[in-house]
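> Need coordinates for the below:
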Amino acid sequence: MFNQLQPVPTDPILGLVQEYKADTNPNKVDLTVGVYKNEQGDTPVLAAVKKAEQFRLANEQSKAYLGMAGDLTFNSLMTDLIFGQHDVVGAGRVKTAQTPGGTGSLRVAAEFLKTCNPNSTVWVTNPTWANHISIFKAAGLQVQEFPYFDFETMGLKFEETIETLSKVPSGDIVLLHACCHNPSGMDLNIQQWQTIADLAKAQGFTVLIDTAYQGFGDGLEQDAAGIRLLASQLDEMIVCSSCSKNFGLYRDRIGAISILGTDTAKVEIAFSVVLGTIRSIYSMPPAHGAEIVATILGSDELTSLWHQELDEMRTRINSLRTFIVDKFKEKNVPGNFDFISTQNGMFSFLGIDKASIETLKNDYSIYMVGSSRVNIAGVNNENADYFAESLAKVLTK
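Predicted coordinates for the structure are as follows:
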């Protein structure tokens, strides 16, 4: 049976990570994987998480299964974090289930959507997080792209976005990023979210929102503005969320899927299908990450500490964007990179060609994805000069 198999190509980002680890150059720079890094280049455990883990270790009473929906306290607190004090929550129109990370949430959403309409197409931004496409195709759904990021202007192609979405038929799904768009860093403003809401009502497509970076853009409340606007105007919506970035719980794989329905009865039916989907994939989610998040959000003291740490991460990323632009100018890097300071989150495209990217890797041990996407958090005071100087040399050849 196995003899007919062909090897699956290594994920390009993970392949670069292995190359980086094997590189012996003391000046090497890693701008690949999307994890937050501090000034020392580390991805630390948050103090709020440490305190929550200590509490859990002292108070955990059982290792029994959680149930298909996971930690109910976590689910309630995540609903509040995403939707805030929204009328749809009080009206019982939202149901949330814990999932193994944001990726697990998206896969559950994909299988759920396949049950709803096996012939539906999922429309994703061009570009989008590459795994989006893999997840939905693995569930048997068709995937199409719509214009979003303009590599010439380093801004949005919003008119083209609307032109394409105005033709998306009823029964299809449109996937949007709530904030800190991965990989472009370009987000919708509130007026553009309203235009999307109007289109969704007119066309009858379902909006699926991936919110993996709440708090990393403009703030916890601001980063949920698009979700809350759509929730106030649409009958149905799906939100897939992750706690990997804002809580720093990458390896603990904790996320959630939230279903918005027209009323309590309909959302209960939809949620029962979600739970059936979960049962057939992994049956029950793990407990640790959910209990950590629930402990933090359930404590005024720990929530305050978490807000402080999240603010520090967001401020570092935002200040790095200006710092990088200034450093490029100081080192006479050819081109205009001012767009970097106008974007949100950890990612940005440099807009350089693949030959330059290969030269940066091979000659200077500076690693980035082939699309020129970089993780802004990979830059620090120690490597910024080397990065800018190397880029200047490559682009002036």
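
> Ile257 belongs to a strand, doesn't it?
Yes: checked against DSSP: H, G, I helix; E, B strand; the rest coil, Ile257 lies within a strand.

> Which residue is the nearest non-sequential neighbour of it?
Ser105 (4.5 Å; C-beta to C-beta, 6 or more residues apart in numbering). No exception for glycine: its C-beta is placed from N, CA and C like everyone else's.

> Go ahead and confirm that neighbour touches Arg253.
No: the pair Ser105 / Arg253 is not scored as a contact, 10.3 Å apart, by C-beta atoms under 8 Å.

> Neighbour count for the two, which is higher?
Counting neighbours by other C-beta atoms under 10 Å for Ser105 and for Arg253 shows that Ser105 has the greater number, 28 against 19.

> Could you say which helix or strand holds that one?
helix 101-116 (DSSP states H and E).

> How about Thr43?
Thr43 belongs to no helix or strand, assigned by DSSP H and E.

> Tell me which residues touch it, please.
Under the criterion of C-beta atoms under 8 Å, 6 or more residues apart in numbering, the neighbours of Thr43 are 35-37, 248, 250.

> one more time with 10 Å, if that's ok
When the contact criterion is C-beta atoms under 10 Å, 6 or more residues apart in numbering, the partners of Thr43 are 33, 35-37, 248, 250-251, 377.

> now do Asn27
Applying C-beta under 10 Å, 6+ apart to Asn27 gives the contacts 364-366, 382-383, 386-387, 390.

> By mean pLDDT, which helix or strand of the chain comes out lowest?
The helix or strand of the chain with the poorest confidence is helix 12-22; it has a mean of 87 (mean pLDDT, DSSP states H and E).

> Give me the distance from it to the chain's centre.
21 Å (C-alpha atoms, centre = their mean, to the nearest Å).

> I figured Val168 was touching Phe205, is that so?
Yes: counting by C-beta atoms under 10 Å, Val168 does reach Phe205; the two are 4.7 Å apart.

> From the contacts of Thr43, which one has the minimum pLDDT?
When those are compared on pLDDT, Val33 comes out lowest, with 85.

> pretty sure it contacts Asn375?
Yes: using C-beta under 10 Å, Val33 is in contact with Asn375, at 6.8 Å.

> what about these two, which has more around it?
Neighbour totals were compared for Val33 and Asn375, and Asn375 leads with 23 against 17 (other C-beta under 10 Å).

> Any idea what that one is bridged to?
As for beta bridges, Asn375 partners with Phe347 under DSSP bridges.

> got a list of what it touches?
Here Asn375 is in contact with 30-37, 183, 317, 345-348, 367-369 (C-beta under 10 Å, 6+ apart).

> Let me see the mean pLDDT of the longest helix that the chain contains.
Looking across the chain with DSSP state H, the single longest helix is helix 300-330. Helix 300-330 carries an average pLDDT of 97.

> could you list every residue that touches the spatially closest residue to Gly261 that is not a sequence neighbour?
Computed as C-beta to C-beta, 6+ apart, the closest residue to Gly261 that is not its neighbour in sequence is Val267, at 2.9 Å. By C-beta under 10 Å, 6+ apart, Val267 lies in contact with 88, 91-95, 236, 258-261, 274.

> And those residues, which of them are buried?
The neighbour count (16 or more other C-beta atoms under 10 Å) marks 88, 93-95, 236, 258-261, 274 as buried among the contacts of Val267.

> out of those residues, which are inside strands?
94-95, 258-260 (DSSP state E).

> Just send those back as TSV, with pLDDT and distance to Gln54 too.
Shown next, in TSV, are these (pLDDT from 0 to 100; distance: C-beta to C-beta, whole Å):
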residue	pLDDT	distance to Gln54
Val94	98	32
Lys95	98	32
Ser258	98	29
Ile259	98	34
Leu260	98	36
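
> Give me the three-state assignment for Leu175.
Quick answer, by three-state DSSP: Leu175 is strand.

> helices or strands next to the helix or strand hosting Thr79 in the packing?
For Thr79, the host element (DSSP H and E) is helix 72-83. When contacts are defined as 3 or more C-beta pairs under 10 Å, 6 or more residues apart in numbering; DSSP states H and E, helix 72-83 sits against helix 87-90, strand 94-99, strand 206-211, helix 225-233, strand 237-242, strand 255-260, helix 288-297.

> With respect to Asp338, which of those lies nearest?
helix 225-233 (24.9 Å; C-beta to C-beta).

> Dump the closest one to CSV, keeping only the CA atoms.
What follows is helix 225-233, C-alpha atoms only, in CSV (Å, rounded to 0.1, in the frame of the first residue of the first chain):
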residue,chain,number,x,y,z
ALA,A,225,-14.4,46.3,15.3
GLY,A,226,-15.0,44.6,11.9
ILE,A,227,-16.3,41.4,13.5
ARG,A,228,-18.7,43.4,15.7
LEU,A,229,-19.9,45.5,12.8
LEU,A,230,-20.7,42.5,10.7
ALA,A,231,-22.4,40.8,13.7
SER,A,232,-24.7,43.7,14.1
GLN,A,233,-25.9,43.4,10.5
